[in-house]
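Peer 1: just coords:
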């Protein structure tokens with residue numbers, strides 16, 4: 001159950017935000033969990049020409065390969081925001097934070113077991 005908040009430079013069109021949302025959904029599904037993905041995208045104050053993107057992703061621990069999954073999320077996300085708004089690696093910040101199973105309820109109940117939705121990481125990462 002990745003819970004993702006993304007701050008993007010203000011002024012992007014709704015269509016651009018929709019493409020970013022879709023691309024980040026795919027990035028999460030390839031790196032952390034295939035379903036139960038919630039993404040909130042919001043505008044942040046930005047100086048003209050600023051393409052900084054802040055991405056915060058909450059996940060449950062226990063999948064394994066956490067460092068590799070975080071790097072994969074960064075790489076996939078960078079491909080999305082670079083294509084859509086020109087963000088560079090220096091302008092993208094990705095933070096993954098963990099919460100325990102008992103600290104989240106969805107649909108009135110506990111989240112599904114990790115094994116059911118955790119993707120295997122690809123050996124060679126391809127952009128989302």
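Peer 2: Yep, it's here. These numbers come from a predicted model, not from an experiment. Numbers count the residues shown, from 1 in each chain.

Peer 1: Residue 42 sits in which helix or strand?
Peer 2: Assigned by DSSP states H and E, residue 42 belongs to strand 38-44.

Peer 1: Which residue ranges of the protein form helices?
Peer 2: Secondary structure of the chain (DSSP state H): helices at 14-31, 66-85, 114-117.

Peer 1: Buried by neighbour count: which residues of the strand holding residue 42 qualify?
Peer 2: Neighbour-count burial for strand 38-44 flags 39, 41 (criterion: 16 or more other Cβ atoms under 10 Å). Every residue, glycine included, has its C-beta placed from N, CA and C.

Peer 1: Likewise for stretch 32-39?
Peer 2: 32, 33, 37, 39.

Peer 1: hang on, the third one packs against residue 29?
Peer 2: Yes: here residue 37 reaches residue 29: they are 6.5 Å apart, a contact under Cβ atoms under 8 Å.

Peer 1: how deep is residue 83 tucked in, by neighbour count?
Peer 2: Neighbour count of residue 83, defined by other Cβ atoms under 10 Å: 14.

Peer 1: Next, work out how far apart it and residue 28 are.
Peer 2: As judged by Cβ to Cβ, to the nearest Å, residue 83 and residue 28 stand 17 Å apart.

Peer 1: State the pLDDT value of the residue in the chain sticking out farthest from the centre.
Peer 2: Within the chain, residue 48 marks the point farthest from the mean C-alpha position, 24.7 Å out by Cα atoms, centre = their mean. At residue 48, the model reports a pLDDT of 92.

Peer 1: wait, what's in contact with residue 81?
Peer 2: 8, 20, 51, 53, 87, 92 (Cβ atoms under 8 Å, 6 or more residues apart in numbering).
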